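Novice: Quick one, structure for this:
(chains A and B)
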Amino acid sequence: MALAAYRHVLRAMRIAFRGDLDMVQAARHQARHDFRRDMSLEPASTAAVKAIEHAEGVAQTLRENVVQGQAVSGEEGTYKLNIHEHTERGENDTVKNPRGKGGKVKVDTGNF
Amino acid sequence: MFRAAAARALRVAARPQFTQQINLVRPQIAASLLRNSQTTPSLLIPSIRFYSAPAGLSREEVQGRIMDLLKNFDKVEDPTKISGQAHFANDLGLDSLDTVEVVMAIEEEFSIEIPDKEADAIHSVEQATTYICAQPDAH
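Specialist: Prediction:
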């Protein structure tokens, strides 16, 4: 369970921070630190289940809601965004009210 | 009448191909005429790429690359114990989180994505080598 969550977090980092080696390193370090900290928890305990849930949430947010931008050299105020297939994109009429009728915010190409 | 039209059509149809072929070589020739051949010798060889048939990975190569990757992994307690048969936990002293990291690193090394179920089953260099060898996409 926890191992799968760890793998998902690492994968999400790879997707969200593609091409940004420093960020990938730092994020991995953080994930490693947090997972090690919770290693002593009983696998069946509520705290452990909560921690895994948190990790899966982190993975999902990283994968779907984090988009990195890189300044385009020579053009002030222009950024190239790393929008990928997993990035969450809403329709114009549902994005303002994702919980409303027809408010399906997920991208249909995402396979999670 | 018809024959002449057909012949003309054929000639027209054949022409683009012909000019395309010529174009492959012509820029280089023109460039070589313009430049001094003494200063720019070997760069003007027509740049045509040749692709070999997919060769696949040999078992030794896969094993070697996995072992190299482990050598660079700072959690390995005793690098001399890295071998083709080494077990991640028993021989190299890696815990389960380290194993996940190693499997992820192997994924990156061979540009593939290992599904969770298969990834959980990889606990040794030998298992990883066998898995990679069975993947046609690995390179």
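
Novice: Quick one: name the residues of chain A near chain B.
Specialist: Within reach of chain B by C-beta under 8 Å from any C-beta of the partner chain, chain A has these residues: A:3-4, A:6-7, A:10-11, A:14, A:32, A:35-36, A:39. Every residue, glycine included, has its C-beta placed from N, CA and C.

Novice: Mind telling me what element A:Glu41 is part of?
Specialist: No, residue A:41 isn't Glu; it's Leu. A:Leu41 belongs to no helix or strand when assigned by DSSP states H and E.

Novice: Might you report the residue contacts of the residue nearest to it when sequence neighbours are not counted?
Specialist: Nearest non-adjacent residue to A:Leu41, counting by C-beta to C-beta, 6 or more residues apart in numbering or on different chains: A:Ala48, 4.1 Å away. Applying C-beta atoms under 8 Å, 6 or more residues apart in numbering or on different chains to A:Ala48 gives the contacts A:2, A:38, A:41-42.

Novice: switch to 10 Å and redo it
Specialist: Contact partners of A:Ala48, counting by C-beta atoms under 10 Å, 6 or more residues apart in numbering or on different chains, are A:1-2, A:38-42.

Novice: among these, which ones are buried?
Specialist: Neighbour counting by 16 or more other C-beta atoms under 10 Å in any protein chain shown classes A:2, A:41 among these as buried.

Novice: Write out the residues of chain B neighbouring chain A.
Specialist: Counting by C-beta under 10 Å from any C-beta of the partner chain, the positions of chain B adjacent to chain A are B:95-101, B:103-105, B:107-108, B:113-114, B:116-117, B:119-120.

Novice: Name only those of the residues you listed that count as buried.
Specialist: Buried among these by 16+ other C-beta under 10 Å: B:96-101, B:103-105, B:107, B:114, B:119-120.

Novice: So for residue 105, what's the pLDDT?
Specialist: Here I'm looking at chain A. A:Val105 is assigned a pLDDT of 50 by the prediction.

Novice: ah, no, chain B please
Specialist: 92.

Novice: quick one: the residue nearest to it when sequence neighbours are not counted from chain A, how far?
Specialist: Excluding the flanking residues, the one nearest B:Ala105 by C-beta to C-beta, 6+ apart is B:Leu69, at 5.6 Å. Distance of B:Leu69 to chain A, computed by C-beta to the nearest C-beta, to the nearest Å: 15 Å.

Novice: which one's the longest helix in chain A?
Specialist: Using DSSP state H, we find that the single longest helix of chain A is helix A:46-65.

Novice: who touches stretch B:74-87?
Specialist: Here stretch B:74-87 makes contact (C-beta under 10 Å, 6+ apart) with B:59-60, B:63-64, B:66-73, B:88, B:90-95, B:97-99, B:101-102, B:123-127, B:129.

Novice: pretty sure A:Ala27 is touching A:Arg18, no?
Specialist: No. The pair A:Ala27 and A:Arg18 does not pass the contact test of C-beta atoms under 10 Å, sitting 11.8 Å apart.

Novice: Between the two, which has more neighbouring residues?
Specialist: Set A:Ala27 next to A:Arg18 and count neighbours by other C-beta atoms under 10 Å in any protein chain shown: A:Ala27 wins out with 20 against 13.

Novice: Give the burial count for residue 74, as a bare number.
Specialist: Since no chain was named, I'll use chain A. Residue crowding around A:Gly74 was assessed by other C-beta under 10 Å; the count is 6.

Novice: if you could check chain B rather than the one you did, that'd help
Specialist: B:Asp74 has 6 nearby residues by other C-beta under 10 Å.

Novice: Which strand or helix spans it?
Specialist: Counting by DSSP H and E, B:Asp74 is found in no helix or strand.

Novice: still on that earlier bit, what's the closest of the buried ones among the residues of chain B next to chain A to B:His139?
Specialist: B:Glu107 (12.4 Å; C-beta to C-beta).
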